[in-house]
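Enquirer: below: sequence and its predicted model.
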Amino acid sequence: MTYRIASGGKQYCFASLRELLAKASPLRSGDELAGVAAQSREERVAAQACLAAVPLKRFLEELVVPYEEDEVTRLIVARHNSAAFAPVSGLTVGEFRDWLLRYETDGVVLTALAAGLTPEMVAAVSKLMGNQDLILVAAKVRIVTRFRNTLGLPGRLSVRLQPNHPTDDPRGIVASIIDGLMYGCGDAVIGINPATDSPAACAALLRLLDQMILEYEIPTQSCVLAHVTTSLRCMEAGEPVDLVFQSIAGTEAANRSFGVDLSLLGEARQAALSLKRGTLGSQVMYFETGQGSCLSAGAHHGVDQQTLEARAYAVAREFDPLLVNTVVGFIGPEYLYDGKQIIRAGLEDHFCGKLLGLPMGCDVCYTNHARADQDDMDTLLTLLGVAGCNYIMGVPGADDIMLNYQSTGFHDSHYLRQALRLRPAPEFEAWLERMNLLRAGVFLLPASPRHALLAPKSQPIPFAPKPD
Amino acid sequence: MSETIPSSLEPTWPGEDAPAGSGPGPVADPWSNLRRFTNARIALGRTGGSLPTQALLDFRLAHARACDAVITPFDPQSLTLQLERFGLPVVLLASAAADKTQYLQRPDLGRQLCPDSRSKWRDAAARIPACDLVVIVSDGLSTEAVNTQAVPLLGALLPRLQERALILAPLVVVRHGRVALQDEIGAACQARISLMLLGERPGLGSADSLGAYFTFGPAPGKTDADRNCVSNIRPEGLNPIEAAAKLDWLLGESLRRSVGGVVLKDEAGWIGRSGPGVSRTLPGWDVF
């Protein structure tokens, strides 16, 4: 179907919903690289105006990635819930924006709506929304998940402790974990990106994390962010896998380039569920996403990167995850050029994920060849805090020495917790208080050099730091 | 297996029971001894819950150096003069990326020669016999890396290759190249292998890291799975002398067995493991 609009004496014509969505998308380098971006600012706004008049129902009829070619499209169609969609089924995209911003549209209403929305509808409305709209609507939605603690409650901000080391040296990893715990971080997960994706190497890290969590009775979960097939091998071998991790994307072909499909993800989830390692809940999946991954894999079908990112969330929600985060600035300037584009994308991803019912976190991050710096990250971090983001990353000093990029540090989480009076997950907060590390939810206590975490003679940790 | 941490690791913070944070300055973290196990920025201390001024400035300096390494203008003439000392002819080319800004946003342009360079290289290639290896040097994502590591690396590598009696094409210096540009350059001169040395995406503490990527049977359409990589080449990582030895061995195996890419990696044993000098494959990563 062709979409047309007149603007200032000019006629704009968009050959498909796919083209309309792409041209309406706020400027970013990845869409220009893919050749799908608007040619001018006026064309972009014309596309947005045209998109505003498209009925939401149209998205159920015109699919942006062909049904026959793509299992993600088939999943989106199969899972669409007409009853949940009913409250907004008569609206256009523009009217949907207005509806989302009404006082009456609260968290309860939005939670009930999630199953009635497709990723393309959510992506479409996000393209009309300003940054403040993305923040305000996302802040209405709380998505609460549980494994060994409770994540996503109002007034709470959790942190993934990310203790990566370039050679997976257990002593180096433990040193970073201790640093993070002393700074009150690690309630979302203690999650290591392994330098080596072999079952044996990952098993060693899994045991290390399991021992630390047991030894100190930390109410949190661990994850080694290996490929899902590696985690499956580890589970088969009886290794202590809490959460199964996988990077996912919004098309079948992009997921294949990651070496996964829906059936493999389902198999991994079943395996993790059967271990019954969660104490408060059984949400066992951890997904990471990021705009640009489909284009990077040559699997974008001419669709803009923000719409494709929202489609990745349809994959995520099929598997009832504990954690989802967009690694927003990791992919590089050919997809998100500068701080402005990274900030916008982070807010879009958080909004779209929340509206689709996901426990969204964000890796607020950038690489050294992007035009961004720590001030841009401070800005995005603050905006996401206001938007009610479930969790952020905690990397020592914000500098990941294994993946060579900058994220948020333990200190950054304290800034946000202080500025917005956000506390850790309740079970983890109680543990921090028992450990004399935190008071009143946000203030760090002076640490004694004899603190239990620093005096491992009384708390032996296998594989813990030892001299060379 | 349970191990107790030896007493030598006990914190050595002075005045160990004094309440931290009682003075006017930042609170020090009494676990700075753990820094010996990692280069991660741990035990930075805090003022309130925030970074102390010194730690903030340290980070900014590292970031400034990394950014400068990316945007420093590349002087191919000067590098060419240095490379000519190796006794091989040097050909100067440019990718289709007009400048660094375009290079960063349009990886596709960094993967092809500009029209002038394309005809220049075709003419040069027509005058040389079929060769075993073409070595290409580019600024990539770190001008500093190529300026500091390329000459020492080639100084150690070229004699080894000449000992193997390999036929080498002229050295190619190319501005604003990406890894896959070696396919076009290698195919045009019918090299059995193309080897590209270029600056890697700088980390905060590693702005001068060079990567070496080679492809057996270079031709347009080769993918990353067809390539082999030795990365993190810099004095504090894999030093250029060791990198030359690794590359020499890998190139020799590739030529002897007429294979490259994943197949070679799997059987090489040490490559593919973690540690300095080994590739990671992550989508969207660095200089491809």
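Expert: All right, it came through fine.
Enquirer: every contact and neighbour count from this point should use C-alpha atoms.
Expert: Will do.
Enquirer: now for chain A, the helix or strand with the poorest mean pLDDT.
Expert: In chain A, no helix or strand scores lower on mean pLDDT, DSSP states H and E than helix A:293-296, which sits at a mean of 91.
Enquirer: neighbours of residue 81, how many?
Expert: I'll assume chain A. By the criterion of other Cα atoms under 10 Å in any protein chain shown, A:Asn81 has 16 neighbours.
Enquirer: meant chain B actually
Expert: B:Leu81 has 11 neighbours, counted by other Cα under 10 Å.
Enquirer: related to what we said a few turns ago, report whether the least confident helix or strand of chain A contacts chain B.
Expert: Yes: shown here: helix A:293-296 in contact with chain B (Cα under 8 Å from any Cα of the partner chain) through A:293, A:296.
Enquirer: mind listing what's buried in the following helix or strand past that helix?
Expert: As assigned by DSSP states H and E, the chain's next helix or strand after helix A:293-296 is helix A:305-317. Within helix A:305-317, the residues that count as buried by 16 or more other Cα atoms under 10 Å in any protein chain shown are A:305-317.
Enquirer: for chain B, state which of those residues is nearest.
Expert: Nearest to chain B out of the buried residues of helix A:305-317 is A:Gln305 (Cα to the nearest Cα; 13.4 Å).
Enquirer: buried ones in stretch A:24-33?
Expert: A:24-33.
Enquirer: the residues you listed in helices, which ones?
Expert: Members of these lying in helices (criterion: DSSP state H): A:24, A:29-33.
Enquirer: ok, which of these also contact chain B?
Expert: Applying Cα under 8 Å from any Cα to these, one finds that A:29, A:33 fall near chain B.
Enquirer: mind putting the ones in helices among the buried residues of stretch A:24-33 into a markdown table with pLDDT?
Expert: Putting those into a markdown table (pLDDT from 0 to 100) gives the following:
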| residue | pLDDT |
| --- | --- |
| A:Ala24 | 98 |
| A:Ser29 | 96 |
| A:Gly30 | 96 |
| A:Asp31 | 97 |
| A:Glu32 | 96 |
| A:Leu33 | 95 |
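Enquirer: next, format the ones in helices among the buried residues of stretch A:24-33 as JSON lines and append distance to A:Tyr67.
Expert: Listed next are these as JSON lines, based on distance: Cα to Cα, whole Å:
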{"residue": "A:Ala24", "distance to A:Tyr67": "23"}
{"residue": "A:Ser29", "distance to A:Tyr67": "28"}
{"residue": "A:Gly30", "distance to A:Tyr67": "24"}
{"residue": "A:Asp31", "distance to A:Tyr67": "23"}
{"residue": "A:Glu32", "distance to A:Tyr67": "26"}
{"residue": "A:Leu33", "distance to A:Tyr67": "25"}
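Enquirer: report the two of the ones in helices among the buried residues of stretch A:24-33 separated the most.
Expert: Farthest pair in those (Cα to Cα) is A:Ala24 and A:Leu33. Separation: 15.8 Å.
Enquirer: secondary structure element for B:Met196?
Expert: B:Met196 belongs to strand B:193-199, assigned by DSSP H and E.
Enquirer: pull the CA atoms of that strand into PDB?
Expert: C-alpha atoms of strand B:193-199 as PDB (Å, rounded to 0.1, in the frame of the first residue of the first chain):
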ATOM      1  CA  ILE B 193      47.300 -14.300   0.900                       C
ATOM      2  CA  SER B 194      46.600 -10.700   1.800                       C
ATOM      3  CA  LEU B 195      47.700  -9.400   5.200                       C
ATOM      4  CA  MET B 196      46.300  -6.200   6.500                       C
ATOM      5  CA  LEU B 197      47.800  -4.300   9.500                       C
ATOM      6  CA  LEU B 198      45.600  -1.600  10.800                       C
ATOM      7  CA  GLY B 199      44.700   0.400  14.000                       C
END
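Enquirer: what are the contacting residues of that strand?
Expert: Residues outside strand B:193-199 that contact it (Cα atoms under 8 Å, 6 or more residues apart in numbering or on different chains) are B:132-146, B:150, B:177-179, B:182-183, B:185-186, B:208-218, B:255.
Enquirer: in its sheet, what does it sit against?
Expert: In the sheet, strand B:193-199 lines up against strand B:133-138 (parallel), strand B:210-216 (antiparallel) (DSSP bridges).
Enquirer: redo the ones you listed as a markdown table? Include mean neighbour count and distance to B:Gln54.
Expert: Formatted as a markdown table, those follow (neighbours: other Cα atoms under 10 Å in any protein chain shown; distance: least, Cα to Cα, whole Å):
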| stretch | mean neighbour count | distance to B:Gln54 |
| --- | --- | --- |
| strand B:133-138 | 27 | 36 |
| strand B:210-216 | 28 | 29 |
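Enquirer: would TSV of those strands with mean pLDDT be doable?
Expert: As requested, the strands paired with strand B:193-199 are arranged in TSV below (pLDDT from 0 to 100):
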stretch	mean pLDDT
strand B:133-138	98
strand B:210-216	94
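Enquirer: can I get the ones you listed in JSON lines including distance to B:Asp108?
Expert: Listed next are the strands paired with strand B:193-199 as JSON lines, based on distance: least, Cα to Cα, whole Å:
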{"stretch": "strand B:133-138", "distance to B:Asp108": "16"}
{"stretch": "strand B:210-216", "distance to B:Asp108": "17"}
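Enquirer: could you identify the helix or strand that succeeds the helix or strand where A:Leu113 lies?
Expert: Here A:Leu113 sits within helix A:107-113, counting by DSSP H and E. Moving toward the C-terminus from helix A:107-113, the next helix or strand (DSSP H and E) is helix A:119-128.
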